[in-house]
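K.L.:
I would like to see how this sequence folds:
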Amino acid sequence: LKTDAVTTLKTQGLFVAITNRERATAKLRRMVSTRLWVRVFLLCCMSLAGGCDGSNDDDDDDDDDSTDPTLDDFLPEVPAPTGEAQSTYAGPITQSDIGELIPGPTSAGMVGDFYIRNARARFVIQAPARVIGVVPQGGNVVDAVALDDTGAPVTGDHFGELSMVYVLGRTCDHQRVEVLRDGSGGGAAVVRARGVAASNDFINLRGIGLIPVPLDLDPDVDDRVECATTYVLEPDSPTLRVSWTLFNPGDDHVGGAFGTLSDTGGETDSYSPERGFERLGIGALTSLGDPAPVDYAVFQGPGVAYGLIPRHADPTTPNSAFLIAGVSVVLYKAQALLDITNPEAFELDLDAHDGVTKDLDLVIGADAADVEQAYLAGRGEATAPIAGTVAWSSDEEVPVGARVGFYRDGNDDGDLDDEEDRIRAYADL
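P.N.:
Residues are numbered from 1 along each chain as shown. Alright, predicted model coming up:
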């Protein structure tokens with residue numbers, strides 16, 4: 001690798017990240033500026049070659065409609081400062097506050113990234129960069145940890161990376177990250193990353209050959225979509241609201257599947273309510289046509305659980321979740337993985353000059369019971385504490401770390417039946 005920027009090689013997943021991003025960005029700007037002047041020069045030559053006589057035969061060029069919508073028209077509203085004492089914090093990570101980095105087995109943050117935190121959770125948002133991994137693009141959450149009552153991390157970082165995906169493999173290639181609210185005015189902290197859509201070249205469904213990829217769903221075809229990701233962290237909340245905004249500035253319709261694509265992280269297991277724990281290999285891609293609806297997905301690590309809860313305007317909208325060789329896919333509206341090519345299950349429907357925002361809650365807790373509580377609270381459903389005693393059938397003491405499952409009594413018979421009753425949540429003792 002040859003570059004003017006300082007590079008760092010990490011062997012966990014083997015990726016290269018540019019730490020001197022300012023120099024790399026400056027170089028990129030020079031390249032863009034050069035290309036822009038070349039385009040202007042070529043346009044002038046084409047105009048002269050065509051016999052420019054001072055008239056303009058293209059009436060459309062004269063119609064500058066300043067009322068045309070832009071990406072900004074579809075961004076989520078940013079919470080206003082409350083004037084209360086500061087309890088949330090956000091900003092860039094520099095050498096002077098390197099303590100904002102989150103250590104742990106899967107820690108990926110570095111100087112130049114961004115932090116957002118409160119008294120209950122901390123997150124690191126990657127700066128615009130290019131790395132080798134499940135999500136090559138930057139601007140996404142790469143580290144997350146829960147905090148105890150003293151503000152210390154409960155565990156190390158076991159989070160991988162969370163990204164948006166649509167149309168069989170397009171995502172947001174964030175080009176800049178800005179802090180909209182640093183929390184100093186009271187209330188929520190807000191960070192936003194902006195960019196343009198690009199193909200996630202880690203995914204190559206056409207190359208795998210297991211799923212037919214129609215030309216209109218080819219992720220390598222540039223659709224000119226502009227995008228932004230907004231992160232909002234409220235005071236004393238374990239939930240980071242993630243909002244993905246897509247805007248179609250072109251004249252062609254953009255539609256397809258929409259969801260999340262995540263690196264599940266380090267020592268984690270994938271769980272979803274009603275289905276329990278599961279792990280699938282790449283060969284499972286050919287057998288995932290059966291319905292598999294879920295309300296949310298959980299990555300359970302040692303002492304920490306990361307919940308991904310899609311939020312819809314219509315709370316009855318289904319989702320589906322799949323884990324393929326350590327890569328998690330959560331599809332909005334779809335009920336099976338193969339719905340990614342089913343127009344009737346497409347969540348994304350963007351007409352020309354139209355935009356939309358899709359929301360997700362990233363919840364940090366100890367186990368699925370914490371995620372279930374956040375899920376119900378987001379739907380406005382009442383919850384109540386449950387108390388009881390856990391014991392083996394023998395007199396042996398229950399060891400610390402035992403997992404207690406909570407099942408939905410599907411047939412209302414008061415017994416636990418394998419065929420009728422499905423696990424809803426669990427708590428780790």
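K.L.:
I'd like the distance between residue 117 and residue 146.
P.N.:
11 Å (Cβ to Cβ, to the nearest Å). Placement of C-beta: from N, CA and C, glycine included.
K.L.:
more crowded one of the two?
P.N.:
Comparing residue 117 with residue 146 by neighbour count (other Cβ atoms under 10 Å), the higher total belongs to residue 117, at 24 against 20.
K.L.:
Identify the residue nearest that one in space, chain neighbours excluded?
P.N.:
residue 89 (5.3 Å; Cβ to Cβ, 6 or more residues apart in numbering).
K.L.:
That neighbour: how many residues sit nearby?
P.N.:
Neighbours around residue 89, by other Cβ under 10 Å: 18.
K.L.:
ditto for residue 72
P.N.:
12.
K.L.:
Could you look up the SS state of it?
P.N.:
Classification of residue 72 by DSSP: H, G, I helix; E, B strand; the rest coil places it in helix.
K.L.:
Distance check, it against residue 355.
P.N.:
Residue 72 is 9 Å from residue 355, by Cβ to Cβ.
K.L.:
likewise residue 105?
P.N.:
38 Å.
K.L.:
Check residue 317 too.
P.N.:
To residue 355, residue 317 is 19 Å away according to Cβ to Cβ.
K.L.:
Looking at these two, which is more packed in?
P.N.:
Between residue 317 and residue 355, counting by other Cβ under 10 Å, residue 355 is the more crowded of the two (22 against 12).
K.L.:
May I have the residues that are in contact with that one?
P.N.:
69, 71, 73, 74, 245, 246, 247, 248 (Cβ atoms under 8 Å, 6 or more residues apart in numbering).
K.L.:
Let me see the contact set for the closest residue to the second one other than its chain neighbours.
P.N.:
What it means is residue 71. Spatially, and ignoring its direct neighbours in sequence, residue 71 is nearest to residue 247 (4.0 Å; Cβ to Cβ, 6+ apart). By Cβ under 8 Å, 6+ apart, the contact set of residue 247 is 69, 70, 71, 73, 74, 225, 226, 227, 350, 354, 355.
K.L.:
Mind doing that once more with 7 Å?
P.N.:
70, 71, 74, 225, 226, 355 (Cβ atoms under 7 Å, 6 or more residues apart in numbering).
K.L.:
Dump those residues into TSV; add distance to residue 361 and pLDDT as well.
P.N.:
Compiled in TSV, the contacts of residue 247 are given as follows (distance: Cβ to Cβ, whole Å; pLDDT from 0 to 100):
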residue	distance to residue 361	pLDDT
70	27	97
71	23	98
74	20	98
225	24	97
226	24	98
355	21	98
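K.L.:
which of the residues you listed are buried?
P.N.:
For the contacts of residue 247, a burial check counting by 16 or more other Cβ atoms under 10 Å picks out 71, 74, 225, 226, 355.
K.L.:
ok, of the residues you listed, which one's closest to residue 135?
P.N.:
Distance ranking of those against residue 135, using Cβ to Cβ, places residue 225 first at 17.2 Å.
K.L.:
Where in the chain is the helix or strand with the lowest mean pLDDT?
P.N.:
Within the chain, confidence by mean pLDDT, DSSP states H and E is lowest for strand 7-10 among all helices and strands, at a mean of 30.
K.L.:
now the strands for the stretch 101-250 of the chain?
P.N.:
In the stretch 101-250 of the chain, the strands defined using DSSP state E, counting those that start in this stretch lie at 114-117, 121-125, 141-146, 161-166, 170-181, 189-199, 226-233, 239-248.
K.L.:
quick one: contacts for the residue lying closest to residue 359 once chain neighbours are set aside?
P.N.:
Among residues not flanking residue 359 along the chain, residue 311 sits closest, at 4.2 Å (Cβ to Cβ, 6+ apart). By Cβ under 7 Å, 6+ apart, the residues touching residue 311 are 359, 360, 361, 378.
K.L.:
Can you tell me how far residue 311 is from residue 239?
P.N.:
Residue 311 sits at a distance of 10 Å from residue 239 (criterion: Cβ to Cβ).
K.L.:
quick revisit: just tell me which of the strands of the stretch 101-250 of the chain ends up closest to residue 302.
P.N.:
Among those, the nearest to residue 302 by Cβ to Cβ is strand 141-146 (11.9 Å).
K.L.:
Looking at the closest one now, give me its mean pLDDT.
P.N.:
For strand 141-146, mean pLDDT is 97.
K.L.:
right, and the secondary structure at residue 384 would be what?
P.N.:
Assignment for residue 384 (three-state DSSP): coil.
K.L.:
So what sits opposite residue 306 in the bridge?
P.N.:
residue 299, residue 364 (DSSP bridges).
K.L.:
hang on, the earlier thing: can you name the residues bridging to the residue nearest to residue 71?
P.N.:
Under the criterion used (DSSP bridges), residue 247 bridges to residue 226, residue 355.
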